[in-house]
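Novice: Provided below for reference: sequence and predicted model.
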Amino acid sequence: MASPATRDELKAKLGELNIEIIKEQDHKAVMTCEAQIEVVEHKDSVAKNLLFVDKKKSYWLLVVKHDRQVDTKALRKKLGAKGGLRFSPDSKTMLGCEKGCLTPLAIQNDSTKKIVVLLDSVFKEDALISVHPCGDEGNTATWTIKSKDLVKYVESFGSLIVETDFDNLKMDVDNEEKKKKQQKKQQKKGNKKKTETKKKNKDGIEVSKADNPFKWYSQCIYRSGMLEKYDVSGCYVLRPWAFSIWESITKYFDLRIKKLGVVNCYFPLFVPEKNLTKEKDHVEGFAPEVAWVTKSGESELKEPIAIRPTSETVMYPYYEKWIRSHRDLPLKLNQWCNVVRWEFSYPTPFIRTREFLWQEGHTAFETRLEAEQEVLTILQLYANVYEDLLAIPVIKGKKTEKEKFAGGLYTTTVEAFIPTSGRGIQGATSHCLGQNFAKMFNISFEGRKGERQMVWQNSWGLTTRTIGVMVLVHGDDKGLVLPPKVAPIQVVIVPIIYSKGREEVLAQGSELCKALKEAGIRTKFDDSENHNPGWKFNHYELKGVPIRIEIGPRDVENKVVTMKRRDNGKKMVVPLSEVALTVKSQLAQMHTDMFEKAKRVRDSRLRKVTTWPEFVKALNDKCMILAPWCGDIKAEELVKEKSGAMGNETFDLGEDGTDEVCTMSGAAKTLCIPFEQEAMPPGTKCIGLPDRDAKMWVLFGRSY
């Protein structure tokens, strides 16, 4: 039923939820809880209701036992309220409650879902609580129900209700502050104790991936030799170890799009302002991220020039020139280039950087059907990059209207999952642009019957973010774990040298390296003498080399080698004559095992929920969430707002990061509408607007 507005409707709603009214009592109008106590039967269960607001317009409805004193200073610290707490004058506009009529049973009137209900911890489970009903002249009656039923009622509207110990607020806040001070002291002590260890292990990983995933990630990518910091924040030097991986990805994808008839080209990175501002939704979507060139030497430019955040507005004026007839279609162009997107607070190498490398495909078709077929074909290629090349499982789906590409018709996506942070991450997107850009740039053609038509367009892109996702999914406490298909070195041979048999070991190692290379296996024979074998073992484990082969005098004598896999640490003794075949089979098996492990972990953290409490628990358990949705953007925004009220997450990046601390939003958003949809049980309600029927399952989660 709809939200109750009268007492009769409220009774019906309570009945629908199987909530019993223990006592219903009419009385004269009362303006305070003290006056209410004088006229009701269950005096000890009377609750006073207080609506607070801070400067950021965050609202809290306190439902407190009548004899409690609320320490607002401690409460402000507990809630993290901005700019202090004050009584809100908005009870009428927010909840429809006149003065003296405030009640948690009016929570259904909070259409914005901004109000968080704080319920006194004295009201537990079967404990009785007495409050006014909603509706006109609500303060002329008092209804008594069980506390657990009030919780059920509030949550049925998708509002958040939090148990709060008002008696011990100050003590709780003081304890939290003491705990933070103690943690800082312990951290300082720990830093002193680690000083010597850091000197000894400065080339290795010093933190656990599980304990501090962001600092682990920072150490992993720098100390493995993937990246170097640059003097411009948010920009990085891709060292050969990382760039080689990107080359493997580009080679894989480029080969496949060329089979589809796509050809490569290159357009300038500068965008005239008049072009960028031509498509309103598009420019609004990118406006905060655009970097501008405004000067040449000491002279101001007549017109500022944007540095491309994407190339639709760079390329499409030329599509208008090149496309005249249906015979000019389809036009399928792709460019491998860099783009710049400037506006964000905390850069994360590979994941969110101000400059990054990517490919962007831009295609034009005669019909919508052709365009839509290509959208899905490209999306499958992106899924293949992650699954067949990087051993990372992804979920294919469609973005909601709120999350789609600015100016496009719709966006499809592949979404991956990072277990240590519990966050989803957009892997790549394939957009159907429809005819919107064609109309803006007048990209028309003469049809088969001589009529003028607008083209149908797509754009699609894959970035160096792929490398960051690979590191986050597969890496461990020793460093990188590289999927064999993209590893710059697939096998490293480390000789174990003693004074006796030295020449034989070196000769055998060199011969084995040559044989593996001839077999098409990327191999390195590390016979350098400036480091011992133990250092080399750690070094190549840090760099994620898939297989290590050890060969010493006894191995030469027995015509065997010792082989160790990076992903699971499994060792095996292999006859020299079988090394090439064994390496190939182990590399193939390693890819399969890495994919299955990542999928197993991902699936264990993919939780289906239908209620808000289940949603909150899944989010706190660092899961991605499948939840029912009605399709309304308002519901999507409410979920983001309510989950965001749970607070941000702050991570220590340490000395290797570009920032000492990274703060990420705690809010959950829609990641995609998965293509694979299970049947929706009849009567299932929307997670954001519980008074509406759900139409589809949507993937929600915190994201990067």
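Specialist: Yes, it's here.
Novice: Touching, Thr144 and His42? I think so.
Specialist: Yes. Look at Thr144 against His42 with CB atoms under 8 Å: they come within range, at 4.9 Å. Bear in mind the C-beta positions are built from the backbone N, C-alpha and C, glycine included.
Novice: of the two, who's got more company?
Specialist: Thr144 (19 against 15; other CB atoms under 10 Å).
Novice: circling back to that earlier point, what is in contact with Thr144 and His42 at once?
Specialist: Both Thr144 and His42 are contacted by 22-23, 128, 130, under the criterion CB atoms under 8 Å, 6 or more residues apart in numbering.
Novice: could you flag which of those are buried?
Specialist: Buried by 16 or more other CB atoms under 10 Å: 128, 130, out of those.
Novice: quick check, nearest of the shared contacts of Thr144 and His42 to Leu581?
Specialist: Among those, Leu128 lies closest to Leu581 (CB to CB), at 75.9 Å.
Novice: residue contacts, that closest one?
Specialist: Neighbour list for Leu128: 22, 42, 45, 144-147 [criterion: CB under 8 Å, 6+ apart].
Novice: now swap in Lys55 and tell me
Specialist: Applying CB under 8 Å, 6+ apart, we find Lys55 in contact with 82-84.
Novice: helix/strand/coil for it?
Specialist: Following DSSP: H, G, I helix; E, B strand; the rest coil, Lys55 is assigned to coil.
Novice: re earlier: of the contacts of Leu128, which belong to strands?
Specialist: Mapping the contacts of Leu128 onto strands (DSSP state E) picks out 144-146.
Novice: mind listing the strands for the stretch 401-550 of the chain?
Specialist: Secondary structure of the stretch 401-550 of the chain by DSSP state E, counting those that start in this stretch: the strands cover 410-418, 423-434, 444-446, 452-454, 456-463, 491-495, 523-525, 547-551.
Novice: In a markdown table: those, plus distance to Tyr252, mean pLDDT and mean neighbour count.
Specialist: Below are those laid out as a markdown table (distance: least, CB to CB, whole Å; pLDDT from 0 to 100; neighbours: other CB atoms under 10 Å):
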| stretch | distance to Tyr252 | mean pLDDT | mean neighbour count |
| --- | --- | --- | --- |
| strand 410-418 | 15 | 98 | 25 |
| strand 423-434 | 13 | 97 | 24 |
| strand 444-446 | 33 | 98 | 18 |
| strand 452-454 | 34 | 97 | 14 |
| strand 456-463 | 10 | 98 | 24 |
| strand 491-495 | 20 | 98 | 25 |
| strand 523-525 | 21 | 98 | 20 |
| strand 547-551 | 21 | 98 | 23 |
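Novice: which stretch among those strands comes nearest Lys11?
Specialist: strand 423-434 (42.2 Å).
Novice: tell me what that closest one is packed against?
Specialist: helix 368-384, strand 410-418, strand 456-463, helix 465-474, strand 696-701 (3 or more CB pairs under 8 Å, 6 or more residues apart in numbering; DSSP states H and E).
Novice: tilt between the last one and strand 410-418?
Specialist: Computed with axes from the mean of the first three to the mean of the last three CA atoms, to 10 degrees, the direction of strand 696-701 lies at 50 degrees from that of strand 410-418.
Novice: Using PDB, write down the CA coordinates of strand 696-701.
Specialist: This file holds the C-alpha atoms of strand 696-701, laid out as PDB (Å, rounded to 0.1, in the frame of the first residue of the first chain):
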ATOM      1  CA  MET A 696      15.100  -6.100 -12.400                       C
ATOM      2  CA  TRP A 697      18.100  -7.100 -10.400                       C
ATOM      3  CA  VAL A 698      20.900  -4.500 -10.300                       C
ATOM      4  CA  LEU A 699      24.500  -4.800  -9.200                       C
ATOM      5  CA  PHE A 700      25.300  -2.400  -6.500                       C
ATOM      6  CA  GLY A 701      28.600  -1.800  -4.700                       C
END
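Novice: Could you pull out the buried residues of that strand?
Specialist: Quick answer for strand 696-701 (16+ other CB under 10 Å): 697-701.
Novice: need the helices for the stretch 301-450 of the chain, in chain order.
Specialist: Here the stretch 301-450 of the chain has its helices, by DSSP state H, counting those that start in this stretch, at 312-322, 368-384, 436-441.
Novice: I should have written the stretch 101-250 of the chain there, sorry.
Specialist: Under DSSP H, counting those that start in this stretch, the stretch 101-250 of the chain gives helices at 147-156, 169-200, 213-223, 240-259.
Novice: mean confidence for the first one?
Specialist: This means helix 147-156. What helix 147-156 shows for mean pLDDT is 92.
Novice: now for that helix, which elements pack on it?
Specialist: helix 7-16, strand 115-120, strand 128-131, strand 160-164.
Novice: residues in contact with the helix or strand just after the longest one?
Specialist: The helix or strand immediately downstream of helix 7-16 is strand 23-26, counting by DSSP states H and E. Contacts of strand 23-26 with the rest of the structure, by CB under 8 Å, 6+ apart, involve 39-42, 130, 140-144.
Novice: out of those, what pair is the most spread apart?
Specialist: His42 and Thr140 (16.9 Å).
Novice: Straight-line length of stretch 207-225, end to end?
Specialist: 17 Å (CA to CA, to the nearest Å).
Novice: I'd like to know the average pLDDT value across it.
Specialist: With pLDDT averaged residue by residue, stretch 207-225 scores 93.
Novice: and if you look at stretch 629-644?
Specialist: 93.
Novice: what residues does it touch?
Specialist: For stretch 629-644, contacts defined as CB under 8 Å, 6+ apart pick out 112-114, 158-160, 400-402, 612, 615-616, 619, 627, 665-670, 673, 686-689, 692-698, 700.
Novice: Repeat the analysis, applying 6 Å as the threshold.
Specialist: Residues outside stretch 629-644 that contact it (CB atoms under 6 Å, 6 or more residues apart in numbering): 113, 160, 402, 667-670, 686, 688-689, 692, 694-696, 698.
Novice: For the residues you listed, which ChimeraX command selects only the ones that are buried?
Specialist: Only the buried members of the contacts of stretch 629-644 enter the following ChimeraX selection, criterion being 16+ other CB under 10 Å:
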select :113,160,667,668,669,670,686,688,689,692,694,698
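Novice: Take the helices and strands packed on strand 423-434 and write them to JSON lines, including distance to Arg76.
Specialist: Converted to JSON lines, the helices and strands packed on strand 423-434 look like this (distance: least, CB to CB, whole Å):
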{"stretch": "helix 368-384", "distance to Arg76": "47"}
{"stretch": "strand 410-418", "distance to Arg76": "34"}
{"stretch": "strand 456-463", "distance to Arg76": "42"}
{"stretch": "helix 465-474", "distance to Arg76": "37"}
{"stretch": "strand 696-701", "distance to Arg76": "30"}
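Novice: circling back to that earlier point, which of the ones in strands among the contacts of Leu128 lies closest to Ser218?
Specialist: If you rank the ones in strands among the contacts of Leu128 by distance to Ser218 using CB to CB, Lys146 comes first, at 50.3 Å.
Novice: any idea what sits nearest the closest one, other than its immediate chain neighbours?
Specialist: Nearest non-adjacent residue to Lys146, counting by CB to CB, 6 or more residues apart in numbering: Asp126, 5.3 Å away.
Novice: quick one on the thing from earlier: using JSON lines, please lay out the helices of the stretch 101-250 of the chain together with mean neighbour count and distance to Thr420.
Specialist: Shown next, in JSON lines, are those (neighbours: other CB atoms under 10 Å; distance: least, CB to CB, whole Å):
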{"stretch": "helix 147-156", "mean neighbour count": "20", "distance to Thr420": "30"}
{"stretch": "helix 169-200", "mean neighbour count": "11", "distance to Thr420": "20"}
{"stretch": "helix 213-223", "mean neighbour count": "24", "distance to Thr420": "4"}
{"stretch": "helix 240-259", "mean neighbour count": "17", "distance to Thr420": "20"}
